[in-house]
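Engineer: The amino acid sequence is not available; the structure is as follows:
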């Protein structure tokens, strides 16, 4: 209970005052103030009262839910986005989906969950279709994997998990998870299809400003609702790079590129984007990502 209270206070204080305003860069002071959330949640374990072998979805402890939510809201704060809350009514469906993911370790993960899987239910299938789903990452660490979105599947290449978790008008999430055991892999499910009518804004990941190296992925992205990305061009440190993917579907239009940087080195990277049309008007986007080691 004490660790849960400390984490809750930490999240309220840091996210409440350390998120950059629209159009502003993340300062080093803000990034450092958020960093304890990463350290606290990195060691968090999944506390759960279910049983994979017996098909019992169980429930997560509130401490586990808080840790997953804290890691997600830390990333949203870095991107200048509002925090999300947990919709507890969605958790049982997410928990059912997490159970299926762990109980079927040889099944290739998909958002279409066939009814031939062990412990399949309609609730599990619904959650799989409306969530970011992950296997083999423990609790909050799955959020990091979603944001990284590495891998060769089409969804990873379009950084679909990242785009949903960092959607400006995402309001609430459902959360489900199963810890790793000697017989079954871990799993995490985060329901992301609960949206508001809040005005959408552009989102870069990694964001502009000071970014801890742990949050700098191999694939970078820039998203904006309704933007026409078909003619987008990207320069990194003055050199043109290939736009590997252009997404025009839900949730927001996005371009993706791989800058091929030495990510273990503290440095500043300049990004320039041209050829993006917003409401028919050409945009020129310039920002810097300052990688550092807290």
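Structural biologist: Perfect, thanks for sending it. Being a predicted model, the structure only gives us computed values, none of them experimental.
Engineer: burial measure for residue 56, as a count.
Structural biologist: Neighbourhood size, residue 56 [other C-beta atoms under 10 Å]: 14. The way it works is simple: take the backbone N, C-alpha and C, and place the C-beta from them, glycine included.
Engineer: buried set for stretch 57-67?
Structural biologist: 57-60, 63-67 (16 or more other C-beta atoms under 10 Å).
Engineer: ditto for stretch 210-221
Structural biologist: Those would be 210-212, 215-217, 219-221, for stretch 210-221 by 16+ other C-beta under 10 Å.
Engineer: just stretch 163-178 next, same as before
Structural biologist: 163-170, 172-178.
Engineer: Contacts for stretch 151-165 next, please.
Structural biologist: Contacts with stretch 151-165, where a contact means C-beta atoms under 8 Å, 6 or more residues apart in numbering, come from 72, 75-76, 132, 143, 146-150, 170, 190, 192, 205, 219, 221, 223, 244-245, 247, 251-252, 254, 256.
Engineer: who touches residue 35 in this structure?
Structural biologist: The neighbourhood of residue 35, defined by C-beta under 8 Å, 6+ apart, consists of 212, 294.
Engineer: Please report the distance of it from residue 26.
Structural biologist: Separation of residue 35 from residue 26 (C-beta to C-beta, to the nearest Å): 12 Å.
Engineer: Ok, residue 278 next?
Structural biologist: Applying C-beta to C-beta to residue 278 and residue 26 gives a distance of 23 Å.
Engineer: higher neighbour count, the two?
Structural biologist: Neighbour totals were compared for residue 278 and residue 26, and residue 26 leads with 24 against 14 (other C-beta under 10 Å).
Engineer: which residues does the more buried one bridge with?
Structural biologist: On the basis of DSSP bridges, residue 26 is bridged to residue 209.
Engineer: buried residues in stretch 174-193?
Structural biologist: Applying 16+ other C-beta under 10 Å to stretch 174-193 flags 174-180, 184-193 as buried.
Engineer: Same question for stretch 246-253.
Structural biologist: For stretch 246-253, using 16+ other C-beta under 10 Å, the buried residues are 247, 251-253.
Engineer: Which one of those residues is nearest to residue 292?
Structural biologist: Relative to residue 292, the closest of those is residue 252; by C-beta to C-beta it sits at 27.9 Å.
Engineer: who touches that closest one in this structure?
Structural biologist: By C-beta under 8 Å, 6+ apart, the neighbours of residue 252 are 163, 167, 200, 203, 223-225, 227.
Engineer: From those, which land in helices?
Structural biologist: Of these, the ones assigned to helices by DSSP state H are residue 163.
Engineer: Cheers, nothing more for now.
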